[in-house]
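**Student:** with the input below, show me the fold.
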Amino acid sequence: MTVIGWIQILLYCVIIVAITPPLGAYMTRVFNGERTFLSPILRPVEIVIYKIAGVDERQEQHAVTYTVGMLLFHVGGFLILYALMRAQALLPFNPAGQSAVSEDLSFNTAMSFVTNTNWQNYGGESTMSYLVQMLGLTHQNYLSAATGIVLAIALIRGFARHSVRTVGNFWVDVTRCTLYVLLPICLLFALFLVWEGIPQTLGAYVDATTLEGAKQTIAVGPVASQIAIKMLGTNGGGFFNANAAHPFENPTALSNYVQMISIFALGAALTNVFGRMVGNQRQGWAILAVMGVLFIAGVAACYAAEAHGNDALNALGLTGGNLEGKEVRFGIAASSLFAVITTAASCGAVNAMHDSFTALGGMIPLINIQLGEIIVGGVGSGMYGMLLFVIISIFVAGLMVGRTPEYVGKKIEAKEVKMAMLAILVLPLMYLGWTAVAMLVPSAVSATSNPGPHGFTEILYAYVSQTGNNGSAFAGLSANTLFYNLTGAIAMGVGRFWMIIPTMAIAGSLVEKKLVPASVGTFPTTGGLFIGLVVGVIVIVGGLTFFPALALGPIVEQLAVNAGTLFSSN
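**Tutor:** Residues are numbered from 1 along each chain as shown. Prediction:
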């Protein structure tokens, strides 16, 4: 580890903390329907959208109606994206002449982008046309990110409001989020990326002649516009197969740093939105502190492991850290920081190959996802995921003192705790269950590029990433098969929507409750004790899902031996 490396990490943390209050204040005004500096330009557009869609912005919805609208919205998005990929060969803006995407890959990809996972069992530049990249993938990047944000806002309203039945209007919230938050920032962000050297063109792929005289086709396209929302919306799906390690997606150290900032920007700001909406900004800072403790611990462990490198190589005098799978223009510190950010934030973009990290360095991204993607997390999903852990923590604190737990003036009762646990426990059910199944399917096992424990980790990481809607991978797994496309799509759908539905049930329950005045027995939720309690609960609950995954290896191995499907290094 180096001083320069730690300066990069600490500066990053300072920037995130600094931008959280102003961005949080702006987002609060947007979702409260208040006037912003963009209102003179965007308000007329907003009104036209409501008229075309037949939406009454004054009519709010019950949590059930809000959730049903969200689900129907995603069904429509899934069908449109699937149809675009299947009809790709017949559609315009296809200069490379890409053929139709297969049925199972289209199914997996449509589910992937609708759920904000952006898991990619394909190479973007060799599979998708410009039209599908723009109208299909980039379009869903905006809408899936907006959905995550507005669902978090709906849950926050559950805590902030009292004695009412509505949590907002889904269609209004999505419109405002897209118009006032995502589009303006991405417009400026995309222009910055073009300035840094990222292509933005509808021209054909470029043919070049190498120094050896060979012909090389260089893929280009409308890249910058997709990368902007890919990062800001914590989507993660790249235009190119190499993702943020590709020089056309991430050309410089500056573009790399700004992209890392954009990944955390909205997720961190939502903690401030929470504090403002419940009338106590210290509540938001406490939640951000919980996220910060877990984040710093992960960065320190990952950076230390990668900087130390491989003991076998160190013994031979080949010191200097583990640079395998890393871009030299970023180095170990920026690569380690990016890996922790992208898996803490449910982004999934990568500027280095996680499969090439050291054992401990690669374990940190895996743990980040298994904790539930709540260390800032995906835009919106990280916030409502963290609030689920807060509910459980408050319940634990109530058990300790023998009184009904309260949080920001709302009593936390059996229904909220049950729904929170249901939302959290569905994640290990998916990734542990499908990993066990995959280990007993010969074709699934043979898709790994490494035998033994590392091959098992490649499979486990794939299902953890898809269930957690992250999208990053231990890239040694060749997952573009019928088995992985179908089971992965199921894991992504369950991981997204089976967590959302209980969360919205909590929002609907909380918003109807009366405010309870704080008393002497009220557990303080803005200090160090609360922060420590929530961190402890997250680690313990996360451990209950992480350690069974470690124990699953020997169990599955023995089952596979009995079934005659064990793969070995022989």
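**Student:** now do the contacts for the residue positioned nearest the centre of the chain.
**Tutor:** With distances taken as CA atoms, centre = their mean, the residue of the chain nearest its centroid is Ser346 (1.9 Å). Residues near Ser346 by CB atoms under 8 Å, 6 or more residues apart in numbering: Asn116, Thr234, Gly236, Ile369, Glu373, Gly377, Gly378, Ser381, Gly382, Gly468, Asn469, Asn470. Every C-beta, even on glycine, is put in place using the N, C-alpha and C of the backbone.
**Student:** let's see that with 6 Å instead.
**Tutor:** By CB atoms under 6 Å, 6 or more residues apart in numbering, the contact list for Ser346 reads Thr234, Glu373, Gly377, Gly378, Asn469, Asn470.
**Student:** element containing the fourth one, please.
**Tutor:** Counting by DSSP states H and E, no helix or strand carries Gly378.
**Student:** and the spatially closest residue to it that is not a sequence neighbour, which of the three is it?
**Tutor:** Of all residues not flanking Gly378 in the chain, Ser346 sits nearest, at 3.3 Å (CB to CB, 6 or more residues apart in numbering). Secondary structure state of Ser346, per DSSP: H, G, I helix; E, B strand; the rest coil, is coil.
**Student:** use 42 as the first number from now on
**Tutor:** Yep, numbering from 42; the last one is Ser387 now.
**Student:** now Ser387: how far from Ala66?
**Tutor:** In this view, Ser387 and Ala66 are 24 Å apart by CB to CB, to the nearest Å.
**Student:** what does stretch 540-556 contact?
**Tutor:** 104, 108, 195-196, 199-200, 202-205, 208, 425, 450-451, 456-457, 460, 463-464.
**Student:** export it to CSV, keeping only CA atoms.
**Tutor:** Output in CSV follows, covering the C-alpha atoms of stretch 540-556 (Å, rounded to 0.1, in the frame of the first residue of the first chain):
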residue,chain,number,x,y,z
MET,A,540,-37.5,-7.8,-1.9
ILE,A,541,-39.5,-4.9,-3.2
ILE,A,542,-43.0,-6.3,-2.4
PRO,A,543,-42.4,-6.8,1.4
THR,A,544,-40.6,-3.4,1.5
MET,A,545,-43.7,-1.7,0.0
ALA,A,546,-45.9,-3.6,2.5
ILE,A,547,-43.8,-2.0,5.2
ALA,A,548,-44.3,1.4,3.6
GLY,A,549,-48.0,0.9,3.5
SER,A,550,-48.1,-0.1,7.1
LEU,A,551,-45.9,2.7,8.4
VAL,A,552,-47.7,5.5,6.6
GLU,A,553,-51.0,4.8,8.4
LYS,A,554,-49.4,4.9,11.9
LYS,A,555,-49.5,7.8,14.2
LEU,A,556,-46.4,9.6,15.3
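**Student:** what about that stretch, distance to the chain center?
**Tutor:** 23 Å (CA atoms, centre = their mean, to the nearest Å).
**Student:** list the buried ones in that stretch?
**Tutor:** 540-552, 554 (16 or more other CB atoms under 10 Å).
**Student:** switch these over to CSV; also include secondary structure.
**Tutor:** Putting the buried residues of stretch 540-556 into CSV (three-state DSSP) gives the following:
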residue, secondary structure
Met540, helix
Ile541, helix
Ile542, helix
Pro543, helix
Thr544, helix
Met545, helix
Ala546, helix
Ile547, helix
Ala548, helix
Gly549, helix
Ser550, helix
Leu551, helix
Val552, helix
Lys554, coil
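**Student:** tabulate the residues you listed (CSV), appending pLDDT and distance to Phe78.
**Tutor:** Formatted as CSV, the buried residues of stretch 540-556 follow (pLDDT from 0 to 100; distance: CB to CB, whole Å):
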residue, pLDDT, distance to Phe78
Met540, 91, 35
Ile541, 93, 32
Ile542, 93, 36
Pro543, 94, 37
Thr544, 94, 32
Met545, 94, 32
Ala546, 94, 36
Ile547, 95, 34
Ala548, 94, 30
Gly549, 93, 34
Ser550, 93, 36
Leu551, 94, 32
Val552, 93, 30
Lys554, 91, 35
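**Student:** quickly check those for the two that are furthest apart.
**Tutor:** Greatest spatial distance among the buried residues of stretch 540-556 (CB to CB): Met540 and Lys554, at 22.1 Å.
**Student:** re the thing from before, the residue nearest to Gly419 and Ser296: what is the separation?
**Tutor:** Taken as CB to CB, the span from Ser387 to Ser296 is 21 Å.
**Student:** now swap in Val314 and tell me
**Tutor:** Distance, Val314 to Ser296, by CB to CB: 28 Å.
**Student:** the more surrounded of these two?
**Tutor:** Val314 (29 against 22; other CB atoms under 10 Å).
**Student:** following element in sequence after the helix or strand hosting the more buried one, please.
**Tutor:** Assigned by DSSP H and E, Val314 belongs to helix 294-318. Downstream of helix 294-318, the next assigned helix or strand under DSSP H and E is helix 322-349.
**Student:** buried sites along that following helix?
**Tutor:** Across helix 322-349, burial judged by 16+ other CB under 10 Å covers 322, 324-336, 338-344, 346-349.
**Student:** could you pull up the contacting residues of Val173?
**Tutor:** Contacts of Val173 by CB under 6 Å, 6+ apart are Leu125, Met126, Gln129.
**Student:** which residue, other than its chain neighbours, is closest to Thr216?
**Tutor:** Ile90 (5.5 Å).
**Student:** give me the pLDDT for the one you found.
**Tutor:** Ile90 carries a pLDDT value of 95.
**Student:** measure it to Phe211 for me?
**Tutor:** 14 Å.
**Student:** out of those two, which sits in the busier spot?
**Tutor:** Neighbours were counted for Ile90 and for Phe211 using other CB under 10 Å; Phe211 has more, 24 against 17.
**Student:** tell me, how many residues neighbour the residue nearest to that one when sequence neighbours are not counted?
**Tutor:** Nearest-residue entry for Phe211: Gly110, 4.2 Å, with adjacent residues in sequence omitted and distances by CB to CB, 6+ apart. The local packing of Gly110 (other CB under 10 Å) involves 16 other residues.
**Student:** contacts for whatever helix or strand Gly110 lives in next, please.
**Tutor:** Using DSSP H and E, the element containing Gly110 is helix 104-127. Helix 104-127 is contacted from outside by 141-142, 147, 151, 155, 173, 177, 181, 195, 208, 211, 545, 548-549, using CB under 6 Å, 6+ apart.
**Student:** format the residues you listed as CSV; extra columns: secondary structure.
**Tutor:** Shown next, in CSV, are the contacts of helix 104-127 (three-state DSSP):
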residue, secondary structure
Ala141, coil
Val142, coil
Ser147, helix
Ala151, helix
Val155, helix
Val173, helix
Gly177, helix
Gln181, helix
Ala195, helix
Val208, strand
Phe211, helix
Met545, helix
Ala548, helix
Gly549, helix
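**Student:** and which of these is nearest Thr383?
**Tutor:** Gln181 (18.8 Å).
**Student:** and the host helix or strand of Ile93, how far from the chain's centre?
**Tutor:** Element membership for Ile93 (DSSP H and E) is helix 80-94. Relative to its chain's centre, helix 80-94 lies at 29 Å (CA atoms, centre = their mean).
**Student:** quick check: buried residues in the host helix or strand of Pro63?
**Tutor:** Using DSSP H and E, Pro63 maps to helix 44-72. Residues 46, 49-50, 53, 56-57, 60-62, 64-72 are the ones in helix 44-72 that count as buried (16+ other CB under 10 Å).
**Student:** how about stretch 124-140?
**Tutor:** Under 16+ other CB under 10 Å, the buried positions of stretch 124-140 are Leu125, Met126, Arg127, Gln129, Leu132, Asn135, Gln139.
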